[in-house]
Structures are given as structure tokens and as C-alpha cells.
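**Student:** Need a 3D model of the sequence below.
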Amino acid sequence: MGGRKAPMNKEQEQQAEKSIVGEFSTVKHVRGILSMGRYSDPDTASSSFSILLGDAPHLDGQYAVFGRVTKGDDTLRKLERLPTHKEGIFVMPIERIEILSTYYYDIDAESCEAEKSILKRRLSESASEVERWRRKCFA
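**Tutor:** Modelled structure (predicted):
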């Protein structure tokens, strides 16, 4: 919540105050892994995360892996070229990288046919917006 610039509604504020109990697996921290950030207490993860640009075995079993990049390796290569500095055990970009938009959909799976077309349209619009920013900022 501390780094967020966009305003939040009451429900978003309540969600942002929560933390996640540490969940660790045997999945290795390698290039393309999405890993939760946290403080020294393993049960303090909230919204910070890392996209690994290389192998980080020192994180294995210590930080929760929750995803893997499946497309967009060209974007990872561009991120690798950004200037960085070291913060403890982490290498961080000098300038903050912000996610411009995200979507969360909580719909009843049994009655989602109408929502599917809305979701497809919104995702298409979002992809177009992200592509415009990518061309402007990373070309």
C-alpha cells in the first residue's frame, strides 16, 4: 500500500492491509518466476513481488513462488537493461517500475457467459493501452 499512487476504495484499502501467511514450495527461483516480497517475518507478504530476471537460489524455500512468466521474454530482456542498485540481498531498479493497470474479476462461474464477452473486450482494451505505453516508454 505504501508505494501505490492510485486512490483506493474502502474494499481495496481493507484488502491492502492484509498480509499473507508464508507458503513455500520446492519450486526453484529461476528466470521468469514471480515471487512474493515480504519483511523478515515470513508471514508479512502483502502486495510486493519480484519478477526474476535470473536464477536466485538464495530465495529457494524462503519466499513464496506464485507464478511464472509464460510470454513476454522480450520485456524481461528490456528490464534487464535498466540501471539497478543493490538493496540487501536484492538487486532493484534505480527507478520504480509501476504497473499501470490491473483487473480483478469475481464472478459466478455458472453464469459467466455474458461476462466473458465483457471481459474479452476489457482485456483487449487493456492490452492496447499497455502496448501504447510499451511503445512510448520502452521502444
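
**Student:** so what pLDDT did the residue at minimal distance from the centre of the chain get?
**Tutor:** With distances taken as CA atoms, centre = their mean, Phe49 lies nearest the centre of the chain, 5.6 Å away. Phe49 is assigned 81 on the pLDDT scale.

**Student:** what sits against it?
**Tutor:** Counting by CB atoms under 8 Å, 6 or more residues apart in numbering, Phe49 touches 34-37, 66. For every residue, glycine as well, the C-beta is placed using N, CA and C.

**Student:** Relative to Ser117, how far out is it?
**Tutor:** 30 Å (CB to CB, to the nearest Å).

**Student:** Pull the number of nearby residues for the residue nearest to Lys28 when sequence neighbours are not counted.
**Tutor:** Of all residues not flanking Lys28 in the chain, Asp60 sits nearest, at 5.7 Å (CB to CB, 6 or more residues apart in numbering). Other residues near Asp60 come to 17 when the count uses other CB atoms under 10 Å.

**Student:** Over to Met36?
**Tutor:** Using other CB under 10 Å, Met36 has 21 neighbouring residues.

**Student:** Quick check: it vs Arg132, distance?
**Tutor:** In terms of CB to CB, Met36 sits 30 Å off from Arg132.

**Student:** thinking the residue nearest to Lys28 is in contact with Ile33, fair?
**Tutor:** No. If you go by CB atoms under 8 Å, Asp60 and Ile33 don't touch, sitting 10.0 Å apart.
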